[in-house]
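Trainee: Provided below for reference: sequence and predicted model.
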Amino acid sequence: MKSNWKKNIETIIGVLVGNLVLAFAVAAFMVPHGIIMGGATGIGLTISHYIPAADLSLIILVVNGVLFLIGALVLGKKFIVTTIASTFLYPMCLSVMRAIPGITRLTDNMMLATIYGGVVLGIGVGLVIRVGASTGGTDILALVFHKWFHIPVAILMYVVDFIVLGNQVLFSDTEQIMYGLLALVLETLLLNKVMLLGQSQIQLFIISDKYEAIRQKMLEELIVGVTMVHIETGYVKEEKKGVLCVVPNRKLYSVKELVQSVDEKAFITITQINEVRGRGFSMARDAFLDEEKAGTEEK
């Protein structure tokens, strides 16, 4: 029960902070410099260009509302729960951000605005997606077309975004277009980084004749979980055991030093992995050890 409450609070905070960050990027960097954008914001910028009297936040609210209704009809109840917050929260946050005095004058440099805009956009979207929610907008169209035509969502998202960007090309100069594409690249890079933030680990695979000593020292001195893997050498076909372990980045140096101290000729491969889940990582280590101990006592 406590775990569900914690997860719900994390989701609420992620969606709220993510949308605030997203709105700040649009209000402070993208809109003041006329940098083209994808998504519902891009549709809003296109409409506001042809109807200057219309408020951008209100246009985005209407666009998001229409897209949300389409998604609700086609995609069902689960979609409604995960998308409704951002659909209406983002336009509200954007309206608040645009009302802050001086927010449009943070920089007069187009390149700085593009870099900061792309980076902050990526952080905002990443925070929302990281907690399992959706930013809504044109992502909904991609999901709808995926259900109808079974085309991969990622491809559809790119197609929709490029169509939205293409509409803005009609009234944007070449620099605004190039800066818009640069911002899109930066947004994508930062989005992926934020989604995997704090989850990446280092995997080591160690082959040594002294595998038992290495296993023992890693378990007792570094308190690192290990898995023993049966292997056969390629040249002489000798059966051995390899030591496989996954550790946080900060422990990499300690593990390498420990292995070298036991066997300086040990063969080590080191791989960066994006995410680790399960016992010892996403599940509490102490609970896992208690469970193992209880199992041993029963035997």
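Mentor: Done, it's in. Just so it is clear, the structure is predicted and the values come from calculations on it, not from any experiment. Numbering: from 1, shown residues only.
Trainee: Tell me the helices and strands packed up against the longest strand seen in the chain.
Mentor: What stands out as the longest strand in the chain, according to DSSP state E, is strand 239-247. If contacts are counted by 3 or more C-beta pairs under 8 Å, 6 or more residues apart in numbering; DSSP states H and E, strand 239-247 sits against strand 201-207, helix 211-220, strand 226-232. Placement of C-beta: from N, CA and C, glycine included.
Trainee: taking those together, which one is wrapped up most tightly?
Mentor: With neighbours defined as mean count of other C-beta atoms under 10 Å, these peak in mean count at strand 201-207, which reaches a mean of 19.
Trainee: sorry, back to before: in the longest strand of the chain, which residues are buried?
Mentor: 241, 242, 243, 245, 246, 247 (16 or more other C-beta atoms under 10 Å).
Trainee: who touches residue 144 in this structure?
Mentor: 70, 71, 74, 75 (C-beta atoms under 8 Å, 6 or more residues apart in numbering).
Trainee: any idea which of those residues has the most stuff around it?
Mentor: residue 71 (23 neighbours; other C-beta atoms under 10 Å).
Trainee: so is the residue lying farthest from the centre of the chain in a helix, a strand, or just coil?
Mentor: Farthest-out residue of the chain from its mean C-alpha position, per C-alpha atoms, centre = their mean: residue 236, at 45.4 Å. Classification of residue 236 by DSSP: H, G, I helix; E, B strand; the rest coil places it in coil.
Trainee: which one in the contacts of residue 144 is the model shakiest on?
Mentor: Looking at those by pLDDT, the weakest one is residue 75, with 77.
Trainee: State the distance from that residue to residue 141.
Mentor: 11 Å (C-beta to C-beta, to the nearest Å).
Trainee: for residue 250, same thing?
Mentor: 42 Å.
Trainee: And for residue 71?
Mentor: From residue 71 to residue 141 the distance is 8 Å (C-beta to C-beta).
Trainee: ok, now residue 72?
Mentor: 13 Å.
Trainee: More neighbours: which of residue 250 and residue 141?
Mentor: residue 141 (19 against 8).
Trainee: Residue 229 versus the more buried one, what's the distance?
Mentor: Distance from residue 141 to residue 229, by C-beta to C-beta: 46 Å.
Trainee: Could you do residue 89 as well?
Mentor: 48 Å.
Trainee: ditto for residue 26
Mentor: Noted for residue 26: a distance of 50 Å to residue 229, by C-beta to C-beta.
Trainee: With residue 134 instead?
Mentor: Counting by C-beta to C-beta, the gap from residue 134 to residue 229 is 40 Å.
Trainee: now, which of the buried residues of strand 239-247 sits nearest residue 159?
Mentor: residue 246 (37.3 Å; C-beta to C-beta).
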